[in-house]
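**Q** heads up, no residue letters with this:
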């Protein structure tokens, strides 16, 4: 237990084979390049909470392949490099609550193949992109409460994701009319999304189907009203052609009969 000792670095006197290390409430300096805690490859649990770590450099934990729990709560983290958690393929729990994250850089999820619990409560997240939500589908427990979510149409993927997971207490911060409302309880109209066809909330499914069918089978009056002259013209043309064909056939038959009559021999007297 090395918490609250104003440490800049982990004590070199610690056993190399320790599995749990608490360095919370110190003044740790994370190297801009290279790795942290090079001497402790057997760590399973690492608590770095309440240290000032505004940014995490790439692969800073890459030598801690056995790590199962990493606590980075209350570290003033505003930015996570896409490779910040490279090498943590066995990490089970990642605690990032009470930081200043405004967005999630999607690739930081990719190395975390075994992640079970992700805590992002009380950051500065206002939205989350669809790819991040897809990656978080594989994480059974995700905490997103206490972020200033903007509940407009861009939040619809988040709203649907929260509904599927039956998440509660994730509330809107803006706009003012939705402040305090649970995101999962909203619908597309609440979020201001334009729909191709909207129905009143009280309308039955049968009425919706009937309305849809009537819209698809009945042509607009403007376009349908202009099409009848073309139909009449087509019918007149077809009838005229039929009459001409009939007359031609009748004339041919008459000519044949007339020719045979002219060449018939006269009867003998």
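**A** Okay, I see it. Since the structure is predicted, the reported quantities are computational estimates derived from the model, not experimental observations.
**Q** when you work out contacts or count neighbours from here on, use the C-alpha atoms and nothing else.
**A** OK.
**Q** for residue 64, which three-state class applies?
**A** Under the three-state scheme (DSSP: H, G, I helix; E, B strand; the rest coil), residue 64 adopts coil.
**Q** was I right to think it contacts residue 43?
**A** Yes. Using C-alpha atoms under 8 Å, residue 64 is in contact with residue 43, at 6.6 Å.
**Q** more crowded one of the two?
**A** Neighbour totals were compared for residue 64 and residue 43, and residue 64 leads with 28 against 21 (other C-alpha atoms under 10 Å).
**Q** and the nearest residue to that one once chain neighbours are set aside, how many residues sit next to it?
**A** If the residues on either side of it in the chain are set aside, residue 64 comes closest to residue 41, at 5.2 Å by C-alpha to C-alpha, 6 or more residues apart in numbering. Number of residues near residue 41 (other C-alpha under 10 Å) recorded here: 18.
**Q** pull up the gap between residue 41 and residue 66, please.
**A** 7 Å (C-alpha to C-alpha, to the nearest Å).
**Q** does residue 177 belong to a helix, a strand or coil?
**A** Under three-state DSSP, residue 177 falls in the helix class.
**Q** residue 21 now?
**A** strand.
**Q** contacting residues for it?
**A** For residue 21, the contact set (C-alpha atoms under 8 Å, 6 or more residues apart in numbering) comprises 1-2, 43, 45-47.
**Q** if you set the cut-off to 6 Å instead, what comes out?
**A** Residues counted as contacts of residue 21 (C-alpha atoms under 6 Å, 6 or more residues apart in numbering) are residue 46.
**Q** show the pLDDT at it.
**A** At residue 21, the model reports a pLDDT of 95.
**Q** give the bridge partners for it, please.
**A** Listed beta-bridge partners, residue 21: residue 46 (assigned using DSSP bridges).
**Q** roughly how far does it sit from residue 139?
**A** 25 Å.
**Q** and residue 70, by the same measure?
**A** Plainly put, residue 70 is 16 Å away from residue 139 if you go by C-alpha to C-alpha.
**Q** can you check residue 2 too?
**A** If you measure residue 2 against residue 139 using C-alpha to C-alpha, the figure is 31 Å.
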